[in-house]
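Visitor: Sharing a sequence plus its predicted fold:
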Amino acid sequence: MEAANAKAEEKAKEEEKAKAKAEAIAKSRAQWTQKEFLFNYENLEMAGGRHETYLCYELMTSEGASGLKHLRNIPKGTIGIPDGKHVEVLLLEDLKDRKTITQVKCYLSWSPCKDCSQTLIQFSEENPEVDLIIYASRLYYANLNCKDEILVRETRAQLRNLAAVDKVCIKIMNKEDFEYCWKRLDFGPGKEFKAWEELDENHNYYKEELKKILAQVSVTSPVGGSDALNMPRRRQEQEVIELM
């Protein structure tokens, strides 16, 4: 009797976990509100409280362009997905069964973390026929004054390595890019995009920061050696990467 009860209890837990996992995946693809878009994509220099990453993406295939799709990350501690999932991982899961992709264009609220940069490097090297274009609203760990200096340097180095891969282009979102996403997310008639104060100024700030990151190729890491981690096989000899 006790064994049967334990088995039933275990089955109930597994069903609850599976349900929670399905709900988390559904939420990661749920429609955004205007408020969510504006809060998460606002290109502030100091973007406190924005712990999620949002992603809009569209594909070009041999059959033409797809519509704009959207994702948000699954946070750590989610039942059934305890480690969570970053939007870049969710994106690649969406792409794995597609065979005719020629271009992936992404609009991210934050630029990739060091692990996701490495994941995208691997994807690009395994799919050299695919152009990967990344627009970021803000740069993740762009501030060299952050207390975790090692993490900052590793994050910047991996972003630079990602940009060094053939077929990869990284840019900073401007007003036209925000408006492009806004219109295609279809918030309803009469809901026009209104630029926030300092949008252009902050765009220029992040654009200059990205230039500095991509041009910095031989800075000594605090743990020794070069901060050029896991340099991609292609374009390793390139000393300065121009912002496209």
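Guide: Ah, there it is. From a predicted model like this one, the values you see are computed outputs, not experimental measurements.
Visitor: Could you list the low-pLDDT ranges of the protein?
Guide: 1-6, 8-9, 11-13, 15, 142-147, 217-244 (pLDDT under 70).
Visitor: All the strands of the protein, residue numbers only.
Guide: Shown for the chain, the strands assigned by DSSP state E span residues 54-61, 64-65, 69-72, 101-110, 131-138, 168-172.
Visitor: so who does the closest residue to residue 127 other than its chain neighbours touch?
Guide: Taking C-beta to C-beta, 6 or more residues apart in numbering, and ignoring the residues beside it in sequence, residue 127 has residue 101 as its nearest neighbour in space, at 7.6 Å. C-betas here are computed from N, CA, C, even on glycine. Contacts of residue 101 were listed using C-beta atoms under 8 Å, 6 or more residues apart in numbering, and they are 59, 60, 61, 95, 127, 130.
Visitor: Report how many residues lie close to the fifth one.
Guide: Using other C-beta atoms under 10 Å, the number of residues around residue 127 comes to 15.
Visitor: Okay, it and residue 163: tell me how far apart.
Guide: 17 Å (C-beta to C-beta, to the nearest Å).
Visitor: re the thing from before, output the strands of the chain as TSV; include the columns distance to residue 47.
Guide: As requested, the strands of the chain are exported to TSV (distance: least, C-beta to C-beta, whole Å):
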stretch	distance to residue 47
strand 54-61	12
strand 64-65	30
strand 69-72	15
strand 101-110	8
strand 131-138	6
strand 168-172	14
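Visitor: Please identify which of those strands is closest to residue 186.
Guide: Closest of the strands of the chain to residue 186 is strand 69-72, at 10.6 Å (criterion: C-beta to C-beta).
Visitor: With that, I have no additional questions.
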